[in-house]
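**Student:** Mind looking at a prediction? Sequence and model below.
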Amino acid sequence: MLPLPLLAAAADGAAATLDRDRIEERYKWDLSHIYPGWSRWEADLRRLEEGIERIAGLRGTLGKGPEELLFALRLNDEVDQLAYRVYYYPALMVDEDLRRNEIDARRQQVSLLFARAGTATSWFHPELLSIGLPTIRSWMDENEDLGLYRFLVEDLYRQQEHVLDADSERLLSFASSFNGSPSEVYSMLSSADVRFPVVELSDGREVQLTYSRYYALLSQERRQEDRAAAFRGLYETFEANINTYAALCNATCQRDWAQAQARRYGSCLEAALHGDAIPPAVVENLIETTREGVAPLQRYYELRRRALGLDEIHIYDGTLPLLEVDRRYDWEEAVEDVLASVAPLGGDYSKKLEEAFSRRWIDVFENEGKRSGAYSAPVYGVHPYVLLNFNHTLDNVFTVAHELGHTMHTVLSHESQPFCYAEYTIFVAEVASTLNERLLLDHMLQVRTDPRERILLLQHAIDSIVGTFYSQVLFAAFEVEAHRRVERGEPVTAESLKELYGGLQEHWYGAGVVQDDLYRSTWARIPHLYRSPYYVYQYATCFASSARLHAEILSGDRREDAVRRYLELLRSGGSDHPMEQLKRAGVDLSRPETVQEVVHQLDGLVDELQSEFDRLQGAGQ
């Protein structure tokens, strides 16, 4: 019914606190913009429930004429708009402190209502399709208000061959509650029931491994043997359950193939892409072009090996800072940098972004019980809300730029499009966020002169490309082939998945990186394989799109037009298929050159990083 958000110190210079009550109000989001209190929320919850029943009561009326169809579409919009407020008010409040069970119960109450709504309205699309496109087109030609829904309706007819009759759709809706079972089992196995070991480090310290401590050890421990110990400790735990993870992966692929066949698709990939009219060739081009463009990635790891003084380099050496620099970024400094970085996008964009910082759209600092990570939640009819856990690191500064990119995309889409087209697709969702990150890098490299800080900035940018592009394409290649094995009726076992993943890693990272045998099992740790297959490739296509747009925005002779096209992309919301939206912005993902833009970008950044090291060495530092 609505999209989920794309997933401390009290004040800079003040004493750190994890007590939310002691954090100044200006650093906390203001949820009263949604509702002033629970009584209004409860009234709207009742309205939402009544609205769902009203939609259910319209069954059999859609074909009576244009007025009846328009009434139903508008009522559906009205109910969906209300759902944003009703859901996000408790959901955001829960994320302030996950221990507040009484509020989580309210959030669950809304989620259960959404499930009921799915069953109660499952008749809508089959009945609409039964009218016939020529009839509806004639209605839309005669009725300007109904014509607003032309793209939405015609796109539904485009997918008609894959929409079943009302009884079959109703039957499939009953199975929806089981679709998340592989993900739920994965979460229980990997979070609730997991027992990670205590690892002993080279200095005698003993560390009880958790996910966060694992990543901290890889990014902080300067001794390779300590990083290796952390790596073995985490992934030997996954290896001990590798057959269960393989069974979950197989179940996910089998589920996807069953659903694809039920809706008469030729493959799981086709089924996953058809909704947004993405040709399967786009994913195949992405994988093949990246496969041919791994040389800069391998060159970066060799540079890393030399910079860290290692005899041999492993993939678990890929996140350690190349230099030890004790640099703290205050919140106000981060805000200043992010605001300055978007100047190329124009004054109106900057003004809207400043409003997000100044009007309490953002929950800035960590507190006890708060959800980890960061996101931007698109609360329609109010404004986006941004959750952060800002900890004064360089990574967090870029996280601010990233999430505010999502926020600005939402702002421009919501103010430019009617509700039915306000939600943009995942396929374009990461374009604004990654472009904002690159603009921030440009700005910081312009104003920072210390080669040590510049090295860390370049490393951050390169690591973002490795994580957001190269790694995601590797994951995509893995899940495409795993699904194809199921489609061919081949067995999917732990050993076959390890062989598949190991072969991909060897090609991506090359002979210069030691391929630890345990790394063949690291696919088991990737949540999206169980939660949302054929999702991660979109991170890479978005990164390629933003790389292409960034190159044009910085081009002197095309800059003004490139900015105009980019902002129009953000304003277009979901009013067209994403491939068409991107083409109008100047990006064609069916062409290898678009994907190669990321390869070229990484190659140039590695060159810059090498130059900064040479400059640092020349200065005797």
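**Tutor:** Yep, that arrived.

**Student:** Could you use CA atoms for every contact and neighbour count after this?
**Tutor:** Noted.

**Student:** Check the gap between residue 159 and residue 77 for me.
**Tutor:** To residue 77, residue 159 is 21 Å away according to C-alpha to C-alpha, to the nearest Å.

**Student:** Next, the buried residues of stretch 310-326.
**Tutor:** When neighbours are counted by 16 or more other C-alpha atoms under 10 Å, the buried residues of stretch 310-326 are found to be 313-322.

**Student:** With respect to residue 65, which of those residues is nearest?
**Tutor:** residue 319 (61.0 Å; C-alpha to C-alpha).

**Student:** rewinding a little: what about the buried residues of stretch 310-326, which are in strands?
**Tutor:** Among the buried residues of stretch 310-326, the subset assigned to strands under DSSP state E consists of 313-314.

**Student:** For the buried residues of stretch 310-326, give me a markdown table that also has pLDDT.
**Tutor:** Listed next are these as a markdown table, based on pLDDT from 0 to 100:
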| residue | pLDDT |
| --- | --- |
| 313 | 97 |
| 314 | 96 |
| 315 | 94 |
| 316 | 95 |
| 317 | 96 |
| 318 | 94 |
| 319 | 91 |
| 320 | 93 |
| 321 | 92 |
| 322 | 93 |
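
**Student:** residues making contact with the worst-scoring helix or strand of the chain on mean pLDDT?
**Tutor:** For the chain, scoring each helix and strand by mean pLDDT, DSSP states H and E identifies helix 166-175 as the least confident one, at a mean of 79. Contacts of helix 166-175 with the rest of the structure, by C-alpha atoms under 8 Å, 6 or more residues apart in numbering, involve 118-119, 122-123, 126-127, 163.

**Student:** Repeat the analysis, applying 7 Å as the threshold.
**Tutor:** Residues from elsewhere that reach helix 166-175 (C-alpha atoms under 7 Å, 6 or more residues apart in numbering): 119, 122-123, 126.

**Student:** phi, psi of residue 201?
**Tutor:** phi -90, psi 170 (degrees, to the nearest 10).

**Student:** and the residue lying closest to it once chain neighbours are set aside, what helix or strand is that in?
**Tutor:** What sits nearest to residue 201 in space, not counting adjacent residues and going by C-alpha to C-alpha, 6 or more residues apart in numbering, is residue 226, at 5.4 Å. When secondary structure is defined by DSSP states H and E, residue 226 falls within helix 224-240.

**Student:** With residue 111 instead?
**Tutor:** Here residue 111 is covered by helix 101-120, with elements defined by DSSP H and E.

**Student:** So which bits of that helix are buried?
**Tutor:** Going by 16+ other C-alpha under 10 Å, helix 101-120 has these buried residues: 103-104, 106-107, 110, 113-114, 117-120.

**Student:** picking up where we left off before, which one among the buried residues of stretch 310-326 gets closest to residue 340?
**Tutor:** residue 321 (25.8 Å).

**Student:** dump the residue contacts of that closest one.
**Tutor:** With contacts defined as C-alpha under 7 Å, 6+ apart, the neighbours of residue 321 are residue 219.

**Student:** For residue 452, see how far away it is.
**Tutor:** Distance, residue 321 to residue 452, by C-alpha to C-alpha: 11 Å.

**Student:** With residue 242 instead?
**Tutor:** 42 Å.

**Student:** of these two, who's got more company?
**Tutor:** Ranked by neighbour count (other C-alpha atoms under 10 Å), residue 242 and residue 452 place residue 242 first, with 22 against 18.

**Student:** mind checking pLDDT for that one?
**Tutor:** Residue 242 carries a pLDDT score of 96 in this model.
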